[in-house]
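Chemist: any chance you can model this:
(2 chains)
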Amino acid sequence: AQKVTQAQTEISVVEKEDVTLDCVYETRDTTYYLFWYKQPPSGELVFLIRRNSFDEQNEISGRYSWNFQKSTSSFNFTITASQVVDSAVYFCALSGDSGGFKTIFGAGTRLFVKA
Amino acid sequence: DAGVIQSPRHEVTEMGQEVTLRCKPISGHNSLFWYRQTMMRGLELLIYFNNNVPIDDSGMPEDRFSAKMPNASFSTLKIQPSEPRDSAVYFCASSFHGSDTQYFGPGTRLTVL
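Modeler: Next comes the predicted model:
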């Protein structure tokens, strides 16, 4: 069975702090994909990143960075120098070939960034 | 290019009424997904289509829910009869293929009184 765990329900930081959102996944597939989505207060779901299971390179995009470690089945997301506009719910998701590539979402982590 | 389009954005109806939600996927995308989001259950996949064919409807809660995709550019999710516990935000998403990145529509907020 496939599973995504985001153990942090809510995180609160002060602007300019760095923050890491944890994501742990379970799958027996060798081919799978991991995603992060952002859901701001306006409600839409915004795609942030997709990573396949054969690419463990970390990725940086501006203030955002992702750390993929197969050894610990984790795909953590770090925001550097957080800003108020980063306040949102962040979802980690997994899709794998055994599930017909059905995407399983974690419960989400709500991030509050205070000015 | 336009993103995924959903209508209506908000729907308020009374218990027992039929509700139809609509979705237009991104042009060229072959897979379409319907999700439901509630505080209690989070984001749940209801059904997904590949090339207009339903592939997995195991997430559809019960027979009151049905979904169709008559062509590559249109899908509907129907609830008949609606119940208060169906109140949620319903998202439609599309992707090139099942494993590709899904792009979400703005959602339909459904309230059943």
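
Chemist: what residues are up against residue 89?
Modeler: No chain specified, so I'll use chain A. Residues in contact with residue A:89 (C-beta atoms under 8 Å, 6 or more residues apart in numbering or on different chains) are A:38-39, A:108-111. Placement of C-beta: from N, CA and C, glycine included.

Chemist: wait, chain B was what I had in mind.
Modeler: Residue B:89 neighbours (C-beta under 8 Å, 6+ apart): A:43, B:36-38, B:107-110.

Chemist: again, only this time at 6 Å
Modeler: Contact partners of residue B:89, counting by C-beta atoms under 6 Å, 6 or more residues apart in numbering or on different chains, are B:37, B:107, B:109.

Chemist: which element is it on?
Modeler: For residue B:89, the element it lies in under DSSP states H and E is strand B:88-95.

Chemist: direction included, what does that strand pair up with?
Modeler: Strand B:88-95 pairs in its sheet with strand B:31-38 (antiparallel), strand B:103-104 (antiparallel), strand B:108-112 (antiparallel), by DSSP bridges.

Chemist: which stretches of chain B have low pLDDT?
Modeler: B:1 (pLDDT under 70).

Chemist: work out which residue lies at the spatial centre of it.
Modeler: Computing the C-alpha centroid of chain B and ranking residues by C-alpha atoms, centre = their mean puts residue B:34 first, at 3.3 Å.

Chemist: now do the same for the nearest residue to it once chain neighbours are set aside: helix, strand or coil?
Modeler: Distances taken as C-beta to C-beta, 6 or more residues apart in numbering or on different chains put residue B:46 closest to residue B:34, at 4.4 Å, once the chain neighbours are dropped. Per DSSP: H, G, I helix; E, B strand; the rest coil, the local secondary structure of residue B:46 is strand.

Chemist: what's near enough to touch residue B:46?
Modeler: B:34, B:36, B:59-60.

Chemist: try residue A:90
Modeler: By C-beta under 6 Å, 6+ apart, residue A:90 lies in contact with A:21, A:38, A:109.

Chemist: of the residues you listed, which is the nearest to residue B:11?
Modeler: residue A:38 (25.1 Å; C-beta to C-beta).

Chemist: burial count for residue A:55?
Modeler: A count of nearby residues for residue A:55, using other C-beta atoms under 10 Å in any protein chain shown, gives 11.

Chemist: can I get the strands paired with strand B:88-95 in a markdown table with distance to residue B:79?
Modeler: Listed next are those as a markdown table, based on distance: least, C-beta to C-beta, whole Å:
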| stretch | distance to residue B:79 |
| --- | --- |
| strand B:31-38 | 10 |
| strand B:103-104 | 20 |
| strand B:108-112 | 8 |
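
Chemist: got a quick PyMOL command for the buried subset of the contacts of residue B:46?
Modeler: Listed next is the PyMOL selection for buried residues among the contacts of residue B:46, using 16 or more other C-beta atoms under 10 Å in any protein chain shown:
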select buried, chain B and resi 34+36+59+60
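
Chemist: residues in contact with residue A:38?
Modeler: Residue A:38 touches A:46, A:48, A:88, A:90, counting by C-beta under 6 Å, 6+ apart.
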